[in-house]
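Visitor: below is the structure, and that's it, no one-letter string:
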């Protein structure tokens with residue numbers, strides 16, 4: 001019995017101990033949770049207040065706070081010297097005060113750092129008509145890269161409210177969302193103008209306006225829409241921010257100054273008494289334009305340069321600045337230096353865009369960059385994430401998205417766009433390129449000494465290149481570069497530019513295969529070579545091989561060993577060895593102008609996306625059904641060597657084909673179309689003689705772009721083409737039609753937006769019936785062609801007249817357009833008088 005009682009007591013005590021232990025653990029857990037919540041709250045407050053740990057280095061935000069504070073704008077500090085913004089100011093004032101839309105609108109000024117957005121906003125903010133239009137509520141708030149909604153709200157409240165000390169203290173105690181509600185209530189009965197200067201991201205706008213990300217049409221809760229003509233004016237470097245803030249308003253994009261305006265602004269800053277600038281010594285006027293030219297029209301750079309030179313007008317000082325202009329413009333010791341301002345744009349880039357921007361530093365100054373080539377280089381470098389097999393095209397699409405983001409952020413300038421508004425060529429502003437070079441050096445992307453200048457002799461050959469560099473961009477001649485001691489065994493990318501026209505011997509190219517075993521990108525564009533050494537085949541890591549405009553006639557058999565190669569870009573070859581089929585990773589194969597017609601096996605390239613330059617005969621000898629990723633195809637040569645039905649069946653097997661270019665040789669002709677089953681095809685280019693234009697039903701059903709070139713058609717193509725339901729762009733070029741008249745019937749071309757007629761020397765008249773081409777926006781035509789019905793095209797905004805004759809007759813066109821009494825047309829003259 002005693003033993004049983006003792007056991008029972010022991011069990012009871014054990015259970016009590018376990019229960020008590022569990023209770024203690026529960027209490028400890030609750031206390032830990034409370035402490036974690038307190039720590040989280042302290043951390044949030046600390047981050048909000050900008051408090052850092054003792055000994056902690058300056059954060060990303062803190063590092064930029066000083067330049068942001070110095071750049072903090074005020075409408076009262078208006079620039080007295082403003083050049084080149086008169087027209088922009090007039091247009092902006094018109095949008096603010098006389099817009100027919102009484103709804104609250106957001107108007108945006110967009111442009112790169114230092115281009116004058118804030119200057120223009122100040123000019124308009126203080127404009128007499130704007131002051132009169134918004135007499136009771138006109139507010140200026142500075143946002144900055146470190147956007148804090150509470151601070152912005154307080155800036156606005158202090159300007160719109162007349163409050164006692166007690167009321168101010170009460171407002172300052174409100175939470176952020178309460179401040180937003182307070183501001184909404186105060187503004188909802190007012191006609192207001194609020195300038196938000198320096199907005200950096202869509203998220204910043206959403207936070208300020210309290211816009212729901214799930215409702216993009218919501219105009220925000222903080223800034224009410226009283227249907228009384230209220231306006232917000234944003235300045236931003238990112239076009240996406242402007243479009244996000246108000247999709248109905250067209251952003252006003254700032255432009256760089258012309259040479260004349262740049263010189264005017266410089267003189268007003270450098271020669272403070274601008275009117276008497278002629279009395280200064282001639283050498284100053286000689287050195288000035290050279291330095292101003294290096295600013296490339298960027299107002300901030302011109303103002304900094306002019307202010308610097310205004311202090312000392314000696315020839316020695318001006319020559320010193322000219323020889324070191326980039327260092328003076330950067331002015332690293334000053335937080336208001338040009339590079340400091342531009343650097344904010346780099347800091348704001350997301351991580352996936354930074355290497356793309358740094359890569360632009362490899363291109364020469366003022367170099368016009370082909371976007372096609374740029375996309376392929378980015379892909380080869382690994383900047384674009386890999387896509388799944390089913391989404392192979394998305395890599396190039398993603399690269400284009402990256403480019404457009406950099407353009408919208410005003411880090412890249414557009415040089416030329418295609419007819420469907422896609423960027424074809426671009427360039428980088430000199431100062432942006434200088435920023436990219438500096439950042440690339442900091443990030444070990446490449447080193448500035450890795451760029452060879454043929455005119456520079458300051459660096460010895462033995463020390464020209466760092467052993468740590470991964471990318472080299474060569475501007476010097478091949479002989480000099482070949483003589484350098486190459487101590488860069490881990491080089492990934494080697495690009496050549498501006499190498500002239502010296503013929504390179506094979507021995508000069510051998511060093512590439514010997515010294516750079518892990519090379520991924522090799523671009524020899526512009527280097528004249530008679531043949532490529534077989535040692536190139538040892539570069540098994542090579543992803544991109546650019547041989548365009550090299551004069552190369554043959555490729556070595558060893559090229560088949562490049563199993564990692566994704567892009568081969570070459571033109572005007574006499575013969576291609578039948579080893580391409582071994583390169584299983586090939587995605588982009590360009591071989592335009594190839595002269596041979598020997599068999600070329602390519603149907604093993606299941607990853608191939610772009611194939612350009614293969615002949616009709618070579619194509620038909622392959623099984624096209626295996627090319628499941630091919631979305632762009634260009635065929636050329638003699639079509640009669642293949643059987644028509646078999647050919648079109650091979651095209652129909654390409655289920656993802658979007659773009660097709662058929663180019664028949666002069667002694668050949670383009671086949672009659674049978675493409676009704678090509679459901680994915682949206683772009684078709686045909687160059688060469690056609691016996692007869694195919695019927696409408698034989699064209700691809702989803703065709704949106706069509707180009708006919710040198711087709712020499714006898715019958716008017718319009719009655720057939722006008723029935724294509726989804727056609728957006730039509731180009732008829734180079735004697736594609738040999739008749740004298742063309743006619744578009746009512747309801748013809750229901751979706752067409754662009755019509756271009758080039759080099760149709762025999763066409764003298766185009767008749768457009770009422771109701772035809774209702775959405776036409778752009779019309780290009782020869783000066784010799786009379787068009788009836790243009791006045792009925794209500795959406796037409798651009799007319800470009802092309803003159804190819806020696807006796808232009810532009811007067812009838814001018815008389816006609818003037819008679820329309822409309823200012824909506826943009827008239828362009830292309831030709832010589």
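Guide: It's in. None of these values were measured; they are calculated from a predicted model.

Visitor: residue contacts, the nearest residue to residue 225 once chain neighbours are set aside?
Guide: Closest residue to residue 225 in three dimensions, ignoring its sequence neighbours and counting by C-beta to C-beta, 6 or more residues apart in numbering: residue 104, at 3.9 Å. C-beta here means a position set from N, CA and C on the backbone, and glycine is covered the same way. Counting by C-beta atoms under 8 Å, 6 or more residues apart in numbering, residue 104 makes contact with 219, 223, 224, 225, 226, 227, 230, 231, 232.

Visitor: and those residues, which of them are in strands?
Guide: 231, 232 (DSSP state E).

Visitor: and the contacts of residue 104, which is the shakiest by pLDDT?
Guide: Among these, residue 219 has the lowest pLDDT, at 49.

Visitor: pull out the buried members of the contacts of residue 104.
Guide: 219, 223, 224, 230, 231, 232 (16 or more other C-beta atoms under 10 Å).

Visitor: mind checking how far the closest residue to residue 293 other than its chain neighbours is from residue 341?
Guide: Distance criterion C-beta to C-beta, 6+ apart; nearest residue to residue 293, sequence neighbours excluded, is residue 259 at 7.4 Å. Taking C-beta to C-beta, to the nearest Å as the measure, residue 259 falls 22 Å from residue 341.

Visitor: who's more crowded, these two?
Guide: More neighbours surround residue 341 than the other of residue 259 and residue 341, with 22 against 12 (other C-beta atoms under 10 Å).

Visitor: right, and the helix or strand after the host helix or strand of the more buried one?
Guide: For residue 341, the host element (DSSP states H and E) is helix 338-347. As assigned by DSSP H and E, the chain's next helix or strand after helix 338-347 is helix 354-359.

Visitor: avg pLDDT for that following helix?
Guide: 94.

Visitor: after it, next one along is what?
Guide: Next element after helix 354-359 (DSSP H and E): strand 369-370.

Visitor: for the closest residue to residue 678 other than its chain neighbours, what are its contacts?
Guide: Excluding the flanking residues, the one nearest residue 678 by C-beta to C-beta, 6+ apart is residue 700, at 4.6 Å. The contact partners of residue 700, by C-beta under 8 Å, 6+ apart, come to 675, 676, 678, 679, 681, 682, 684.

Visitor: over to residue 245?
Guide: 106, 108, 199, 205, 209, 232, 234.

Visitor: now residue 535
Guide: Applying C-beta under 8 Å, 6+ apart, the residues contacting residue 535 are 510, 512, 513, 514, 558.

Visitor: give me the phi and psi for it.
Guide: Here is the backbone geometry of residue 535 (degrees, to the nearest 10): phi -70, psi -20.

Visitor: for PyMOL, write the selection for the buried entries among the contacts of residue 700.
Guide: PyMOL command restricting the contacts of residue 700 to the buried ones, with burial defined by 16+ other C-beta under 10 Å:
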select buried, resi 675+676+678+681+682+684
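
Visitor: coming back round to it: quick check: the farthest pair among the contacts of residue 104?
Guide: Pairwise distances across the contacts of residue 104 peak at 14.9 Å for 227 and 232 (criterion: C-beta to C-beta).

Visitor: my read: residue 690 touches residue 673, true?
Guide: No. Checked against C-beta atoms under 8 Å, the pair residue 690 and residue 673 is beyond contact range at 9.1 Å.

Visitor: who has more neighbours, the two?
Guide: Neighbour tally, residue 690 and residue 673, criterion other C-beta under 10 Å: the higher count belongs to residue 690, 23 against 20.

Visitor: give me the nearest residue to the more buried one, chain neighbours excluded.
Guide: Distances taken as C-beta to C-beta, 6+ apart put residue 711 closest to residue 690, at 4.4 Å, once the chain neighbours are dropped.

Visitor: quick one, strands of the stretch 151-300 of the chain?
Guide: 193-199, 231-236, 252-253 (DSSP state E, counting those that start in this stretch).

Visitor: quick one: which of the ones you listed is nearest residue 475?
Guide: strand 252-253 (32.0 Å).

Visitor: lowest-pLDDT helix or strand in the chain?
Guide: Least confident helix or strand, the chain: strand 451-452 with a mean of 44, by mean pLDDT, DSSP states H and E.

Visitor: so what secondary structure elements neighbour the next helix or strand after it?
Guide: Once the chain leaves strand 451-452, the next helix or strand it forms, by DSSP H and E, is strand 471-474. Strand 471-474 sits against strand 451-452, strand 493-496, with contacts defined as 3 or more C-beta pairs under 8 Å, 6 or more residues apart in numbering; DSSP states H and E.

Visitor: one step back: make JSON lines out of the strands of the stretch 151-300 of the chain and add distance to residue 565.
Guide: Listed next are these as JSON lines, based on distance: least, C-beta to C-beta, whole Å:
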{"stretch": "strand 193-199", "distance to residue 565": "44"}
{"stretch": "strand 231-236", "distance to residue 565": "42"}
{"stretch": "strand 252-253", "distance to residue 565": "40"}
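
Visitor: of all the ones you listed, which lies closest to residue 757?
Guide: strand 252-253 (30.2 Å).

Visitor: the closest one pairs with which strands, and in what direction?
Guide: Strands that pair with strand 252-253, judged by DSSP bridges, come out as strand 105-110 (parallel).

Visitor: re earlier: just the buried ones out of the contacts of residue 535, please.
Guide: Looks like the contacts of residue 535 have 512, 513, 558 buried, using 16+ other C-beta under 10 Å.

Visitor: thank you, goodbye.
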